[in-house]
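Peer 1: Next one to model:
(chains A and B)
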Protein chains: 2
Amino acid sequence: MVLKLHGFPVSPSTARVEACLHEKALDFEFVPVNILGLENKQPSFLAKNPFGQIPAFEDGDVTLFESRAITAYVAEKFKETGYDLIRHENLKEAALVKVWIEVESQQYHPAICPIVYEFFGKPVVGCKPDQTVIDASLEKLKKVLDVYETRLSSNKYLAGDFYSLADLHHFAYTFYFMKTPWSSLINDRPHVKAWWEEISARPASVKVAEGMNFGEVEIK
Amino acid sequence: MVLKLHGFPVSPSTARVEACLHEKALDFEFVPVNILGLENKQPSFLAKNPFGQIPAFEDGDVTLFESRAITAYVAEKFKETGYDLIRHENLKEAALVKVWIEVESQQYHPAICPIVYEFFGKPVVGCKPDQTVIDASLEKLKKVLDVYETRLSSNKYLAGDFYSLADLHHFAYTFYFMKTPWSSLINDRPHVKAWWEEISARPASVKVAEGMNFGEVEIK
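Peer 2: Prediction:
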């Protein structure tokens, strides 16, 4: 059964799923979606994701969307393949993976996403970044990173001394954030910096980053 | 082993976990956290949740936070007890539960949360609701509910013809939203209305709602 990932390599949400598939050492077919041509708003794509957002994922007759749901599905279905991202053999570790997955979703993402969107996304469509939004988001992000710094001073990774899906979920947005003028928020916190260096050096991360050239090349 | 839920009954996030524990027919000890006295910002609580937010949850030596991580843990650990919220015996159904859990987290919650917060939360601390925020959030919510209306016209519940954790996660915020002047957003969409009536009539929902009197009584 061929796994199919419908997405756009530059998109952080697409990259999140790609990184997961690489960690699980799974073969998959990448199906490019022309989001600038609004292919994602056409009926054929809306049948895969009614919100018209990328990525979407197919595993035989199972069609999924929402990047974090796709990674959770992949990590669980293929738990015996590749790297174990969910610590499925240890109830306590698996519980902490769930907690820090939610921290990314509810604390980190709402703070970092507007910064990446304003800085990289707005200029693509000819708009000026809104510095008020960026500043407010940077303040939120600092508070989140202060908690991370403490957490990472006693644990190598967020859920414990093991890399997990919780760390993986942070990769794509942080990758772009590190190319903004505010990367010192990461670099000035030594444990967060060391954590970032670890997760971004993983072969799966490096491979995904090859396609993440937002702001560097013309997007077609 | 006594399960402990640290929270505040009025809080939607606390209510989310309570509803899950009731669906799973689990006994638990409710430990009230005096959030108006900032007990959640004290070191003893920060040791349970470094972000200082409620709820927190204890199962022996496992301490968890983030309501959706707690419900996922409870639904999985106790999958054979009470109502099966994650359809653990059916891969495809379980995958769709994951998808619609993420839809609540990434689409529904960011739209409905600011409305509930502005309408109920701001007055508690002596502030006036910001109608600009409410109006923008109502527009977002309408778009999400249009997708729900279509989805629920061919499925009784979000993930399929079965109640699941995805539906449960919607209960608490929608309960408060239905007490705002904008409840017609739900009531004018017949399939969404029928879905809401189903999920809010479940014994677990009714039980949790008894403590959800935000805006009705003085909060001490």
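
Peer 1: And the contacts of stretch A:198-211?
Peer 2: Here stretch A:198-211 makes contact (C-beta atoms under 8 Å, 6 or more residues apart in numbering or on different chains) with A:9-10, A:15, A:18-20, A:22-23, A:156-157, A:163, A:167-168, A:170-172, A:174-175. All C-beta atoms are positioned from the backbone trio N, CA, C, and that covers glycine.

Peer 1: Would you mind checking those for buried ones?
Peer 2: A:9-10, A:15, A:18-20, A:22-23, A:157, A:163, A:167-168, A:170-172, A:174-175 (16 or more other C-beta atoms under 10 Å in any protein chain shown).

Peer 1: Quick one: residues contacting the residue nearest to A:D146 when sequence neighbours are not counted.
Peer 2: Among residues not flanking A:D146 along the chain, A:R189 sits closest, at 7.8 Å (C-beta to C-beta, 6 or more residues apart in numbering or on different chains). Residues near A:R189 by C-beta under 8 Å, 6+ apart: A:L145, A:D146, A:Y148, A:E149.

Peer 1: who wins for most neighbours among the residues you listed?
Peer 2: The most crowded member of the contacts of A:R189, judged by other C-beta atoms under 10 Å in any protein chain shown, is A:Y148 (24 neighbours).

Peer 1: in which helix or strand would I find that residue?
Peer 2: Assessed by DSSP states H and E, A:Y148 sits inside helix A:131-154.

Peer 1: any idea how far the residue nearest to A:D146 lies from chain B?
Peer 2: 14 Å (C-beta to the nearest C-beta, to the nearest Å).

Peer 1: Same question for A:A56.
Peer 2: 10 Å.

Peer 1: and the closest residue to that residue other than its chain neighbours, which of the three is it?
Peer 2: Of all residues beyond its chain neighbours, the one nearest A:A56 is A:K48 (3.9 Å), with distances taken as C-beta to C-beta, 6+ apart. Three-state assignment for A:K48 (DSSP: H, G, I helix; E, B strand; the rest coil): coil.

Peer 1: Can you report how many residues neighbour A:K48?
Peer 2: Neighbours around A:K48, by other C-beta under 10 Å: 20.

Peer 1: Might you report the residue contacts of it?
Peer 2: A:H6, A:A56, A:E58, A:T63, A:F65.

Peer 1: Relative to chain B, which of these is nearest.
Peer 2: Checking those against chain B by C-beta to the nearest C-beta gives A:F65 as the nearest, at 6.1 Å.

Peer 1: Please verify my assumption that the closest one contacts A:E58.
Peer 2: No: A:F65 sits out of contact with A:E58 when judged by C-beta atoms under 8 Å, with a separation of 10.3 Å.

Peer 1: pLDDT weak spots in chain A?
Peer 2: Low-confidence segments of chain A, defined by pLDDT under 70: A:215-220.

Peer 1: what does it have sitting close to chain B?
Peer 2: A:50-51, A:61-62, A:64-66, A:68-69, A:72-73, A:77, A:91-92, A:95-96, A:98-99, A:101-103, A:105-107, A:110, A:147, A:150-151 (C-beta under 8 Å from any C-beta of the partner chain).

Peer 1: Check those for burial and list the buried ones.
Peer 2: A:62, A:64-66, A:68-69, A:72-73, A:77, A:95-96, A:98-99, A:101-103, A:105-107, A:147, A:151.

Peer 1: Show me these that map onto strands.
Peer 2: A:V62, A:L64, A:F65 (DSSP state E).

Peer 1: ok, the residue lying closest to the second one once chain neighbours are set aside - how many residues close by?
Peer 2: This points to A:L64. Once flanking residues are discounted, A:L64 sits nearest to A:F57: 4.6 Å by C-beta to C-beta, 6+ apart. Residues lying near A:F57 (other C-beta under 10 Å) number 28.

Peer 1: Kindly state the beta-bridge partners for A:F57.
Peer 2: Beta-bridge pairing for A:F57 (DSSP bridges): A:L5, A:L64.

Peer 1: tell me the contacts of it?
Peer 2: Counting by C-beta under 8 Å, 6+ apart, A:F57 touches A:L3, A:K4, A:L5, A:H6, A:V17, A:T63, A:L64, A:F65, A:I70, A:Y73, A:V74.

Peer 1: go on, A:E23?
Peer 2: Contacts for A:E23 were tallied using C-beta under 8 Å, 6+ apart; they are A:G82, A:Y83, A:L85, A:L168, A:R202, A:A204.
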